[in-house]
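**Student:** Prediction below, plus the sequence it came from.
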Amino acid sequence: MKLHHTTTTHLNQFTGYGDGYVMVNQERFEGSLIVTPTEVHSWRPTDFSTLEEADFAMLLEFGPELVLLGTGDRIRFPHPRLSRALASAHVGLDTMDTGALCRTFNVLTAEERRVVALVLGA
């Protein structure tokens with residue numbers, strides 16, 4: 001699916017997604033990713049079943065106020081113990097399907113919010 005482009009040109013925006021990929025600023029990415037308003041990084045977990053506590057704890061380095069977790073074409077909620085470090089730091093975690101993650105991230109970055117998107121196995 002292609003997403004509508006916003007006027008935010010200095011920040012990352014999801015510009016498309018489909019089976020096994022997402023596009024950030026027109027560049028196609030496959031695999032699990034961490035996307036911030038200014039950076040794109042690969043992410044260790046290959047799928048939902050391989051998520052670990054350390055995968056969420058390391059996100060605090062990015063200083064987010066909110067983390068979005070995209071779990072593919074259906075929503076799957078991680079066990080609360082996995083995101084304990086985020087909760088202790090008062091960082092919100094929203095879990096959604098990948099399409100919703102892309103749309104939500106674009107809105108939040110346009111508002112200049114400190115958001116981190118986690119895309120599992122794009």
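**Tutor:** Done, it's in. Everything numeric in this text was worked out from a predicted model, so none of it was measured.

**Student:** Look at stretch 13-28 and report the distance between its end residues.
**Tutor:** One end of stretch 13-28 to the other measures 12 Å (Cα to Cα, to the nearest Å).

**Student:** Please work out how many residues are found near Phe105.
**Tutor:** Using other Cβ atoms under 10 Å, the number of residues around Phe105 comes to 28. Bear in mind the C-beta positions are built from the backbone N, C-alpha and C, glycine included.

**Student:** May I ask which helix or strand encompasses it?
**Tutor:** helix 98-110 (DSSP states H and E).

**Student:** Can you give me the buried ones in that helix?
**Tutor:** By 16 or more other Cβ atoms under 10 Å, the buried positions in helix 98-110 come out as 98-99, 101-106, 108-109.

**Student:** where along this protein do the helices fall?
**Tutor:** Per DSSP state H, the chain carries helices over the ranges 53-57, 84-88, 98-110.

**Student:** returning to what we had before: using CSV, write down the CA coordinates of the helix holding Phe105.
**Tutor:** C-alpha atoms of helix 98-110 as CSV (Å, rounded to 0.1, in the frame of the first residue of the first chain):
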residue,chain,number,x,y,z
THR,A,98,2.2,-2.6,10.4
GLY,A,99,-0.2,-0.5,8.4
ALA,A,100,-1.5,1.3,11.5
LEU,A,101,2.1,1.8,12.7
CYS,A,102,3.1,3.5,9.4
ARG,A,103,0.2,5.9,9.5
THR,A,104,0.5,6.6,13.2
PHE,A,105,4.3,7.2,13.0
ASN,A,106,3.8,9.7,10.2
VAL,A,107,1.2,11.7,12.1
LEU,A,108,3.4,11.7,15.3
THR,A,109,6.6,12.7,13.5
ALA,A,110,4.7,15.5,11.7
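
**Student:** Who are the packing partners of it?
**Tutor:** Counting contacts by 3 or more Cβ pairs under 8 Å, 6 or more residues apart in numbering; DSSP states H and E, helix 98-110 packs against strand 14-18, strand 66-70, strand 115-119.
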